[in-house]
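**Student:** Have a look at this prediction, sequence included:
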Amino acid sequence: MATFHTPMVTLSDGNLIPQIGLGVLRIDDEGVTPVVESALEAGYRHIDGAAGYNNEAGVGRALRNAGFTQGEHRKNLWVTTKLRDSEQGYDSARKAFDRQLGLLQLDYVDMYMLHWPTPFDWRSGETWKAFQEFRAEGRVRTLGVCNFMPEHLDRLYEETGEYPTVNQIELHPTWQQREVVAYCKAHSIAVEAYSPMARGADLNAGNGTIERIAAAHGVTPAQVILRWHIENGTIIIPKSTHAERQKQNLDLFGFALAPEEHAAIDALDGPTRAGHDPMTFTYA
């Protein structure tokens, strides 16, 4: 089996996060266990989950079965989970986090995230105080957010005096969110892309642009898009339930995009997101 060496991204607090992880959205609790097990076998050392995915127990079973809940294996694994939006708030976050650690069968998680800003029911400031306590207790290594726009990041900083280390946003060739990315870079916030291929829609983007670049390098269209993210310095969490595709999604370092190829993908940016609007959506 090929051995893949995933680059590490240094966060603003000094923690190192593997640049490629496995996303587990839309996999049921029973089905997620073999998916995570095969990813760990393939060499993934970054698993991205959430309470809102309703499969943390299944992820925990996989981590236990593969021997990644303690010892050296645990030290070399990055596990992210997220607070359910309905459980934002200081007291409710503390209760939720205890439950989530139990489901994951872990003593700590590497990153705990606010899943959505919920601007229509803003509780991020008070929730963040609980997050800071988890970090001080050694039960979380670093704190992040998902789907925060610049105005949400500004408000969080005003209320807490702190920016997150990571902002996980929808990001792919046809939805590049350049203003959000620029803001994050200016404030030393690492950008993490979910739906890095627009749930597969971008594989055929640009009237065959991605496919032509893939053919030139003898790789798949998915590998081309993921390589583009890697070259941009973005953390990525592609989802795949298939062992061979999981391996392909790690195998991004035997080729590089030519400047004109990278620019051609940059030019695919468009006005339509594949997912939900952060201003209106919530994970209940």
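**Tutor:** Cool, the structure landed. Numbers count the residues shown, from 1 in each chain.

**Student:** Could you use CA atoms for every contact and neighbour count after this?
**Tutor:** Noted.

**Student:** Do you have the strands of the chain handy? List them.
**Tutor:** According to DSSP state E, the chain carries its strands in the segments 8-10, 16-18, 22-23, 46-48, 78-83, 109-114, 140-146, 166-170, 190-194, 235-236.

**Student:** Roughly how far does the residue of the chain positioned farthest from its centre sit from F255?
**Tutor:** Farthest-out residue of the chain from its mean C-alpha position, per C-alpha atoms, centre = their mean: A216, at 29.0 Å. Remark: distance between A216 and F255 (C-alpha to C-alpha, to the nearest Å) = 10 Å.

**Student:** and N76, what is it in contact with?
**Tutor:** The contact partners of N76, taken as C-alpha atoms under 8 Å, 6 or more residues apart in numbering, are R45.

**Student:** Now do M1, the pLDDT please.
**Tutor:** If you check M1, the pLDDT there is 39.

**Student:** From P238, how far off is the residue lying closest to A256 once chain neighbours are set aside?
**Tutor:** Distances taken as C-alpha to C-alpha, 6 or more residues apart in numbering put R227 closest to A256, at 7.3 Å, once the chain neighbours are dropped. R227 sits at a distance of 12 Å from P238 (criterion: C-alpha to C-alpha).

**Student:** what do you get for F68?
**Tutor:** Taking C-alpha to C-alpha, one finds F68 at 21 Å from P238.

**Student:** Just give the number of residues close to I189.
**Tutor:** Residues within reach of I189, counting by other C-alpha atoms under 10 Å, total 22.

**Student:** Quick one: the helices in the stretch 51-200 of the chain, in order.
**Tutor:** Shown for the stretch 51-200 of the chain, the helices assigned by DSSP state H, counting those that start in this stretch span residues 56-65, 71-75, 90-104, 124-136, 150-160, 178-186.

**Student:** List the buried residues for the shortest one?
**Tutor:** Along helix 71-75, the positions that meet the burial threshold by neighbour count (16 or more other C-alpha atoms under 10 Å) are R74.

**Student:** Kindly provide the whole-number mean pLDDT of it.
**Tutor:** What helix 71-75 shows for mean pLDDT is 97.

**Student:** Could the C-alpha coordinates of that helix be exported in PDB?
**Tutor:** Extracted in PDB, the C-alpha atoms of helix 71-75 (Å, rounded to 0.1, in the frame of the first residue of the first chain):
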ATOM      1  CA  GLY A  71      -1.500   6.400  23.300                       C
ATOM      2  CA  GLU A  72       0.800   7.300  20.400                       C
ATOM      3  CA  HIS A  73      -1.900   6.700  17.700                       C
ATOM      4  CA  ARG A  74      -4.100   9.300  19.400                       C
ATOM      5  CA  LYS A  75      -1.300  11.800  19.600                       C
END
